[in-house]
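Visitor: Pasting the sequence and the predicted coordinates here, then a few questions.
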Amino acid sequence: MSGHKETGPGLPPYFNISPDKAMADLPPSVGTADLARIAGACTAGRNDLAARGLDETGARRLRPFSTWEITRYLIPVAPAHFRRVLRQNPDLPQGISETDGGAKWFTLDEVLRLRAHFGQEGSKAKEYLPYRPAGLPAKVVAVANFKGGVGKTSTCAHLAMSAALDGYRVLVIDLDSQGSMTSIFGGRPADEWDTVFPLLARHYATHLRAENQRRLDRGETPLPLDDTLTDALEVQAGDVIHKTHWPNIDLIGAQLNLYWSEFQIPVWRMNARGWKLWDALSEALEQGGVLDQYDLIFLDTPPALGYLTINGLAAADILLVPVGASFVEFDSTGRFFDMLHATFSSIEEGENIAARALGRPELSFAWDAVQAVITRFDAAQQAEMANLMQTYMGGTLSPYRQDFTALIGQAGESVNGIYEADYRDFNRDTYARGRATFDETYAAFKRLLVGIWRREERAAQDVAAQ
Ligand SMILES: Nc1ncnc2c1ncn2[C@@H]1O[C@H](COP(=O)(O)OP(=O)(O)OP(=O)(O)O)[C@@H](O)[C@H]1O
Ligand SMILES: [Mg+2]
């Protein structure tokens, strides 16, 4: 490109572009088939990149964790005590050292076993096991904003990993057909049948079957169940949940075909106006027993307020809205809340006309918490903007700001984010600062979570006491 300098010295590059030269340099025009060629080239490159993060067996592997890291970040215990407990309990994982007498390294699976041991045997005054009231369902957390590139996937993936490192059992559901979250967790769905799609289809098919029974009872012709719907009736949540290279993070992945749902869902809804499309995902999670198998379920959503996002938001207990401290992102986030209001209030109105007529309880959506979070924050440039946003958004905007950190981009192609990176690859201070910003993001989230769970635990105790 720079070979064609047509401007004189000192002139900006957009002056004096010769139309004839520009014409000579033009690439051939693009037809539909070329789009396939471009896509093919990208896929080949992507597979090459992805393959570099894979081990010989083709599976992604999580790095080990050192004694320093475990005692500094994961299990609140002094290194000397940690070593003593290991010596006294030869059955516990002892770690592997790379050199004689060198630091001991443990897999995350081993860390989880050690955590369980300390939780059982150690001082009750220490938080060896994260707070999790018994008998309550998993909390569903959606990370959403219809503005693209605001840090939804980064925030969601880091939260899932922090929660897993903290000892929670995590399920990640990717609702974005771009599949970024899926790549991070090494998922490779072959088609839409290995995504949430069949769970949504199953919800609709179940509704249709019940509706058809009512039609038959009234002497009307039943609506046909096509092959897709019949097949979907056989799919269970467990069929699309996969293990990842993180022992306590499971995944329902996404893939380009998931986008088909955005066309299919409105068609289903037109066929059966009584189908509550917004309930599909939450009921699939409830009925599949999924809410009892995990502590936290994180939903990553696409940069759009489509049917998948609506399903995700309706299923969520906690909604996190990442937003950068810039005018465009603040502006667009305001409109996102506007759209959320319009969407959910129109669903409520539609339902409640009938509910009121029939004397049934009215539908009203509610979230335990809705919190906007400033992401990619640059204190030197954005403090004024962030303060202004704080003034206007008040408690809806978390006072904690997630700093911009070069560590995210630097972590390399085979690892995803700060928690998968080996701290020895970085200057210790850079690592500590980068890690601190996502630890703080997690801490702010965990504060909400713990408060909400505590409120529910207290309410359940009050009911039991009466
Ligand atoms: N705290 C951070 N510091 C530095 N870079 C960040 C940070 N958070 C996110 N990024 C970078 O910003 C870009 C967009 O982030 P991300 O993919 O998480 O956004 P998104 O909202 O999920 O995007 P999309 O709307 O396409 O789904 C990525 O390149 C990511 O690495
Ligand atoms: Mg994303």
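Guide: That came through, no problem. Ligands and ions are numbered 1, 2, ... in the order given.

Visitor: now the helix or strand containing Ala464, how far from the chain's geometric center?
Guide: Per DSSP states H and E, Ala464 falls inside helix 428-465. The chain centroid and the centroid of helix 428-465 are separated by 17 Å, computed with Cα atoms, centre = their mean, to the nearest Å.

Visitor: Name the helix or strand for the closest residue to Glu440 other than its chain neighbours, please.
Guide: The spatially closest residue to Glu440, leaving aside those adjacent along the chain, is Tyr400, at 5.6 Å (Cβ to Cβ, 6 or more residues apart in numbering). Yep, even glycine has a C-beta here, placed from its N, CA and C like the rest. Element membership for Tyr400 (DSSP H and E) is strand 397-403.

Visitor: for the protein, which strand is longest?
Guide: strand 369-377 (DSSP state E).

Visitor: Can you list the buried residues in stretch 11-27?
Guide: By 16 or more other Cβ atoms under 10 Å, stretch 11-27 has no buried positions at all.

Visitor: measure that stretch end to end?
Guide: 26 Å (Cα to Cα, to the nearest Å).

Visitor: gap between it and the chain center?
Guide: Using Cα atoms, centre = their mean, the offset of stretch 11-27 from its chain centre is 45 Å.

Visitor: Quick one: mean pLDDT over it.
Guide: Across stretch 11-27, pLDDT averages out at 88.

Visitor: Direction included, what does the strand holding Tyr400 pair against?
Guide: The pairing partners recorded for strand 397-403 under DSSP bridges are strand 369-377 (parallel).

Visitor: what residues does the helix or strand that the strand it pairs with is followed by touch?
Guide: The first helix or strand that comes after strand 369-377 along the chain, using DSSP H and E, is helix 379-393. Identification of contacts with helix 379-393 by Cβ atoms under 8 Å, 6 or more residues apart in numbering yields 323-327, 330, 372, 374, 377, 397, 399, 401, 403.

Visitor: Find the residue at the geometric middle of the chain.
Guide: Asp300 (3.4 Å; Cα atoms, centre = their mean).

Visitor: Which strand residues bridge it?
Guide: With DSSP bridges as the rule, Asp300 is bridged to Val143, Asp174.

Visitor: so it sits right up against Gly151, yeah?
Guide: No. The criterion here is Cβ atoms under 8 Å, and Asp300 misses it with Gly151 at 11.1 Å.

Visitor: Would you write out the ChimeraX command that picks the buried residues out of the contacts of helix 379-393?
Guide: Entered in ChimeraX, the line below selects the buried ones among the contacts of helix 379-393, by 16+ other Cβ under 10 Å:
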select :323,324,325,326,330,372,374,377,397,401,403
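
Visitor: residues contacting the residue nearest to Arg202 when sequence neighbours are not counted?
Guide: Ranked by Cβ to Cβ, 6+ apart and with sequence neighbours excluded, the top spatial neighbour of Arg202 is Ala232, at 4.3 Å. Applying Cβ under 8 Å, 6+ apart, we find Ala232 in contact with 198-199, 201-202, 204-205.

Visitor: show me what contacts Arg269?
Guide: So Arg269 contacts 275, 277 (Cβ under 8 Å, 6+ apart).

Visitor: and the contacts of Ala232 as TSV, adding distance to ligand 2, neighbour count and pLDDT?
Guide: Output for the contacts of Ala232, formatted as TSV (distance: Cβ to the ion, whole Å; neighbours: other Cβ atoms under 10 Å; pLDDT from 0 to 100):
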residue	distance to ligand 2	neighbour count	pLDDT
Pro198	23	24	97
Leu199	21	25	97
Ala201	24	26	97
Arg202	26	23	97
Tyr204	26	24	97
Ala205	29	23	97
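
Visitor: Just give me the closest of those to Pro93.
Guide: Minimum distance to Pro93 across the contacts of Ala232 is 36.5 Å, recorded for Leu199 (Cβ to Cβ).

Visitor: Kindly indicate whether the closest one is helix, strand or coil.
Guide: Classification of Leu199 by DSSP: H, G, I helix; E, B strand; the rest coil places it in helix.

Visitor: My guess is Ala237 contacts Ala284. True?
Guide: Yes. Between Ala237 and Ala284 there is a contact at 6.0 Å, judged by Cβ under 8 Å.

Visitor: what's the overlap in contacts for these two?
Guide: Going by Cβ under 8 Å, 6+ apart, residues that sit against Ala237 and also against Ala284 are 199, 290.

Visitor: Counting neighbours, go ahead and name the busier of those two.
Guide: Ala284 (25 against 20; other Cβ atoms under 10 Å).

Visitor: Kindly format the C-alpha coordinates of the helix or strand hosting the more buried one as CSV.
Guide: Using DSSP H and E, Ala284 sits in helix 280-287. Extracted in CSV, the C-alpha atoms of helix 280-287 (Å, rounded to 0.1, in the frame of the first residue of the first chain):
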residue,chain,number,x,y,z
ALA,A,280,-38.0,-21.3,26.9
LEU,A,281,-34.4,-21.2,28.3
SER,A,282,-35.3,-20.7,32.0
GLU,A,283,-37.7,-23.6,31.9
ALA,A,284,-35.2,-25.8,30.0
LEU,A,285,-32.7,-25.1,32.8
GLU,A,286,-35.3,-25.8,35.6
GLN,A,287,-36.8,-28.9,34.1
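
Visitor: Cheers, nothing more for now.
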